[in-house]
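# The sequence and its predicted three-dimensional model are supplied below.
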Amino acid sequence: MKHKVIAYLLILFSVSACRPQATSIPPHVTSTPVEEGEVHPELQNIPVYTDVKGWEKGIPGVDLPKGYEAYSYIVRIDDPKTLIKFYKENMPPNGWELFNEGETPKIGNRKGFVLLFSKEGTVAQLEIIQWTTASWLVSVNFYDDP
């Protein structure tokens with residue numbers, strides 16, 4: 001069952017990876033701050049990295065396909081392994097179990113990583129994608145575990 005979820009997520013990521021990606025955040029483009037009541041109920045159980053204000057709805061500068069709901073933030077950090085370690089350590093106390101991780105297909109010359117966690121019938125897909133040379137985008141989207 002989980003293999004089907006992983007295959008679906010990889011296909012979904014591959015399709016969305018073909019879309020144009022912004023190389024930096026243009027001054028006129030911002031994400032929409034997440035407001036209470038319009039977010040996935042599990043978003044409150046996904047920690048944000050130190051010194052980040054919180055999740056924002058969408059991905060800056062990227063038009064997401066209809067029905068694809070993602071939350072994101074951008075953090076200045078040199079090594080993505082720090083973020084990977086952060087999530088591996090901080091998701092289990094919130095009830096999440098890591099069931100898969102790996103590198104994503106490169107988008108241009110950008111590196112990317114994905115961590116898949118499950119909790120009570122919900123899958124949280126965390127993607128950590130190089131945004132600029134000195135920053136990383138962290139996004140999360142949720143799926144029902146079939």
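Great, that's in hand.

# Quick one: low-confidence residue ranges for this protein.
For the chain, the stretches with pLDDT under 70 are 1-37, 146.

# how about the strands in it?
For the chain, the strands defined by DSSP state E occupy 32-33, 56-57, 70-76, 97-103, 112-119, 122-132, 135-144.

# right, and the ones you listed - which one's nearest Asp63?
strand 70-76 (11.5 Å; C-beta to C-beta). Any C-beta I mention is one placed from the backbone N, CA and C, and that applies to glycine too.

# any residues touching the closest one, and which ones?
The contact list for strand 70-76 (C-beta atoms under 8 Å, 6 or more residues apart in numbering) reads 25, 31, 34, 39-40, 43, 46, 48-49, 51-60, 64, 83, 131, 134-141.

# ok, of those, which come out buried?
Neighbour counting by 16 or more other C-beta atoms under 10 Å classes 25, 31, 34, 40, 43, 46, 48-49, 55-60, 83, 131, 136-141 among these as buried.

# Alright, I will stop here.
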